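A.B. asks: this one's sequence-less:
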């Protein structure tokens, strides 16, 4: 399920076409995994960071297939997804737990962001300089900075509480310690 970054972050036309293909790849891989797994009463499947890099709650056409998968296979699905509290608010890089009922009530938002990837330090100042503003736009495929999450989240499952760190956060011991 390793999707090249260029496939995730293309031109606007490529982005929407690629999102359909990427979601299908993850769902097909998950279906294959479930079909090969031993028969157990509960399972949790994991998709990577930013598996679907758009604020999914505002795009039911992408949210519904994930929920349908969880319902059909009676599995929990923890997937890296973007979110926004409102359409106008900044993006959050997160992970949502999709329950076998299809509910998506439990989220974790990445707290330790990657500089120059998820945000540009001093964007307000540097972005207004003629030469640097264009360079920043070329280097960062997202138009806006991602907002950091504020708190840890332990998600309840029948297999125990599920905590998560997202990618870059795992190199910061204090982030993990503050999560329990």
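C.D. replies: Right, received. Where do you want to start? All figures in this text were calculated on a predicted structure; none of them were measured in a lab. Residues are numbered from 1 along each chain as shown.

A.B. asks: got the buried residues for stretch 2-13?
C.D. replies: By neighbour count on 16 or more other CB atoms under 10 Å, the buried set for stretch 2-13 is 3, 8. Quick note: C-beta positions are derived from backbone N, CA and C, even for glycine.

A.B. asks: centre of the chain to it, how far?
C.D. replies: Once both centres are worked out by CA atoms, centre = their mean, to the nearest Å, stretch 2-13 turns out to sit 14 Å from its chain's centre.

A.B. asks: show me what that stretch is in contact with.
C.D. replies: Residues from elsewhere that reach stretch 2-13 (CB atoms under 8 Å, 6 or more residues apart in numbering): 15, 18, 21-22, 25, 48, 50, 53, 141-142.

A.B. asks: looking at those, which are in strands?
C.D. replies: residue 53 (DSSP state E).

A.B. asks: so which helix or strand takes in the closest residue in space to residue 73 that isn't next to it in sequence?
C.D. replies: Distance criterion CB to CB, 6 or more residues apart in numbering; nearest residue to residue 73, sequence neighbours excluded, is residue 34 at 5.0 Å. Using DSSP states H and E, residue 34 sits in helix 12-36.

A.B. asks: buried ones in that helix, by neighbour count?
C.D. replies: So helix 12-36, judged by 16+ other CB under 10 Å, has buried residues 15, 18-19, 22-23, 26-27, 30.

A.B. asks: could I get the contacts of stretch 2-13 as a markdown table with pLDDT?
C.D. replies: Below are the contacts of stretch 2-13 laid out as a markdown table (pLDDT from 0 to 100):
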| residue | pLDDT |
| --- | --- |
| 15 | 82 |
| 18 | 88 |
| 21 | 90 |
| 22 | 90 |
| 25 | 91 |
| 48 | 90 |
| 50 | 87 |
| 53 | 85 |
| 141 | 59 |
| 142 | 63 |
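
A.B. asks: biggest separation within the contacts of stretch 2-13, which pair?
C.D. replies: 25 and 142 (21.3 Å; CB to CB).

A.B. asks: where in this structure is pLDDT low?
C.D. replies: Along the chain, the parts satisfying pLDDT under 70 run over 1, 41, 126-143.

A.B. asks: brilliant, that's me finished.
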